[in-house]
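Enquirer: here is my input; please provide its structure:
(one chain, ligands or ions: 4)
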Amino acid sequence: MRLVLAEVFNSWQGEGGSVPGSAFGRRQIFIRFAGCDLDCNYCDSREFINASSVLHWRYEVEPFTGRFEYRPNPARLDEVVDAILRLDTEDIHSISYTGGEPTLQVRGLQAIMEKMRELGFDNFLETHGGLPGLIKEIAPLTDYASVDIKDETAKATENWRSLVLREVESIRILKEAGAEVYAKLVVTKDTKVENIRWYASLLKGLAPLAIQPREPMDIPMTKLMALYREAALIMGRKNVSLSFQVHKYLGVL
Ligand SMILES: C[S@@+](CC[C@H](N)C(=O)[O-])C[C@H]1O[C@@H](n2cnc3c(N)ncnc32)[C@H](O)[C@@H]1O
Ligand SMILES: Nc1nc2[nH]cc(C(=O)O)c2c(=O)[nH]1
Ligand code: SF4
Ligand SMILES: [Mg+2]
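Expert: Ligands and ions are numbered 1, 2, ... in the order given. Next up, the predicted model:
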């Protein structure tokens with residue numbers, strides 16, 4: 001089994017806010033897969049989007065040291081598991097599978113999620129949710145999931161509305177498989193209120209929503225407050241939270 005990875009590191013989960021299913025503030029070991037089929041204009045992992053150009057993966061030998069060992073891609077499953085276990089600080093809430101888009105390598109993702117569950121870890125999936133057929137294959141191995149709802153302003157793909165509907169379908173699949181799931185929505189100063197209403201109507205009664213300002217932040221607080229309020233009026237005041245990328249403020253991966 002081979003995996004094309006970007007990096008493996010141990011950090012605090014910096015996103016998700018306080019919605020049920022969020023691991024915000026918890027220790028996680030992150031496996032960042034290379035490759036993505038979308039093109040969000042704000043993506044902070046753009047260097048890993050084209051998997052064929054990611055010739056090496058790296059793992060941080062000690063958390064927060066910025067010291068890495070580099071290995072050639074594709075990675076063997078056993079060497080990735082070895083890197084994870086070396087990074088285990090014995091306070092790990094779950095393993096976070098992110099990227100790029102982890103579900104694009106669904107066989108490798110399945111294999112490592114199985115292995116980590118066997119070793120007693122919970123699995124946390126960070127996904128754009130645009131591939132419900134692949135989500136179906138790993139849903140039984142998923143304990144927690146953050147599924148992005150790509151706002152129109154992300155310009156992630158041609159047919160944006162169809163992507164959002166597929167993301168909602170992925171949320172449904174993960175919930176039915178027993179995972180704790182929340183939706184994450186990156187918003188900008190140009191995010192439209194009528195789109196917030198549409199997302200909130202799709203998510204109402206299905207999953208809570210973490211609203212995350214795009215970094216570097218360009219959205220005025222009054223606008224962020226208005227978007228939050230629109231979502232809460234539709235979804236219920238206990239089902240919406242803010243989420244900031246706190247790891248960027250801490251200066252950690
Ligand atoms: C890099 S993506 C990888 C996982 C998956 N491809 C996705 O988009 O959900 C991880 C998370 O970072 C968020 N993200 C990426 N760049 C960001 C930025 N500049 N500001 C805020 N959130 C960002 C994404 O929206 C997503 O929730
Ligand atoms: N600390 C930290 N928390 C994160 N939450 C989601 C991340 C991601 O890139 O998927 C991420 C990340 O890159 N670092
Ligand atoms: S889906 Fe995720 S990895 Fe892909 S471009 Fe968007 S934010 Fe980046
Ligand atoms: Mg990140």
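Enquirer: show me what residue of the stretch 101-250 of the chain gets nearest to ligand 2.
Expert: His247 (3.3 Å; CB to the nearest ligand atom). For every residue, glycine as well, the C-beta is placed using N, CA and C.
Enquirer: could you tell me the phi and psi values at that residue?
Expert: phi -60, psi -30 (degrees, to the nearest 10).
Enquirer: which residue lies closest in space to Asp190, excluding its sequence neighbours?
Expert: Thr153 (4.8 Å; CB to CB, 6 or more residues apart in numbering).
Enquirer: and the one you found, helix, strand or coil?
Expert: Under DSSP: H, G, I helix; E, B strand; the rest coil, Thr153 falls in the helix class.
Enquirer: number of nearby residues for it?
Expert: 19 (other CB atoms under 10 Å).
Enquirer: how about Lys238?
Expert: By the criterion of other CB under 10 Å, Lys238 has 10 neighbours.
Enquirer: what about it, which helix or strand?
Expert: Under the assignment given by DSSP states H and E, Lys238 is not contained in any helix or strand.
Enquirer: quick one: pLDDT of it?
Expert: Predicted confidence (pLDDT) at Lys238: the value is 97.
Enquirer: and Asp122, by the same measure?
Expert: 98.
Enquirer: who's in contact with it?
Expert: Going by CB atoms under 8 Å, 6 or more residues apart in numbering, Asp122 touches His93, Ser94, Ile95, Asp143, Tyr144.
Enquirer: farthest residue from the center of this protein?
Expert: Centroid-distance maximum for the chain: Thr222 at 26.5 Å, with CA atoms, centre = their mean.
Enquirer: quick one: is the one helix or strand it maps to near ligand 1?
Expert: Per DSSP H and E, Thr222 falls inside helix 221-235. No. Using CB under 6 Å from any ligand atom, helix 221-235 never reaches ligand 1; the gap is at least 12.8 Å.
Enquirer: re earlier: look up how far Gln110 lies from the residue farthest from the centre of the chain.
Expert: Distance of Thr222 to Gln110, given as CB to CB, to the nearest Å: 45 Å.
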